[in-house]
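Chemist: Turn this into a structure:
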Amino acid sequence: RVQLVQSGGGSVQAGGSLRLSCGASIYTYETDYWGWFRQAPGKEREEVACIEADGRRSYADSVKGRFTISKDTAKNTLYLQADSLKPEDTAMYYCAADPWACTPASRYWGQGTQVTVSS
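Modeler: From the prediction side, this is the model:
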C-alpha cells in the first residue's frame, strides 16, 4: 500500500509562487501515474497536472505555462511548482497516485494542503 504525505502550500499574494511536495512511502508501479488535483469550495475536484512513469507531463489549460509538475524517483517525491498564482488558484490541493491513470478515482491520495491566493 502506498502512503502519500504532502507538504508545502500556504497563503500568497497574486503573482507569487509556491512549491508543493508529495512524498511516497514506496515507488512502485502503483505510482506510475502521479498527479496533482485541486478542489475549491462548492466545486468538483479537478486534475491540475499529471506525470507518467516515462516522464510525460500533462496540465490543465488553466495552469499551463504557470505550473510545473516534476518528480524525483530517488527521493520518492512529487513536486508542483506553482508560479504566477491567481486568486482562482485558491483551493485544497491533493496529490494522487495510481497504476493506470491520473483520475479523480486514483487509488492513493495525500492528505491535502491548502493554497490561498489573495488579490
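Chemist: Do a quick rundown of the strands in the chain.
Modeler: 4-8, 10-13, 18-24, 33-39, 46-52, 57-59, 67-72, 77-82, 91-98, 108-109, 113-118 (DSSP state E).
Chemist: could you dump these to a markdown table with mean pLDDT?
Modeler: Compiled in a markdown table, these are given as follows (pLDDT from 0 to 100):
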| stretch | mean pLDDT |
| --- | --- |
| strand 4-8 | 97 |
| strand 10-13 | 97 |
| strand 18-24 | 97 |
| strand 33-39 | 97 |
| strand 46-52 | 97 |
| strand 57-59 | 98 |
| strand 67-72 | 97 |
| strand 77-82 | 97 |
| strand 91-98 | 97 |
| strand 108-109 | 96 |
| strand 113-118 | 98 |
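Chemist: Just put the ones you listed in a markdown table and tack on mean neighbour count.
Modeler: All C-beta spots, glycine's among them, are computed from the backbone N, C-alpha and C. As requested, the strands of the chain are arranged in a markdown table below (neighbours: other CB atoms under 10 Å):
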| stretch | mean neighbour count |
| --- | --- |
| strand 4-8 | 17 |
| strand 10-13 | 12 |
| strand 18-24 | 20 |
| strand 33-39 | 23 |
| strand 46-52 | 20 |
| strand 57-59 | 15 |
| strand 67-72 | 18 |
| strand 77-82 | 22 |
| strand 91-98 | 23 |
| strand 108-109 | 18 |
| strand 113-118 | 16 |
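Chemist: mind listing what the residue nearest the centre of the chain touches?
Modeler: Closest residue to the average C-alpha location of the chain: Trp36 at 2.3 Å, with CA atoms, centre = their mean. By CB atoms under 8 Å, 6 or more residues apart in numbering, the contact list for Trp36 reads 20, 22, 47-50, 67, 69, 78, 80, 93-96.
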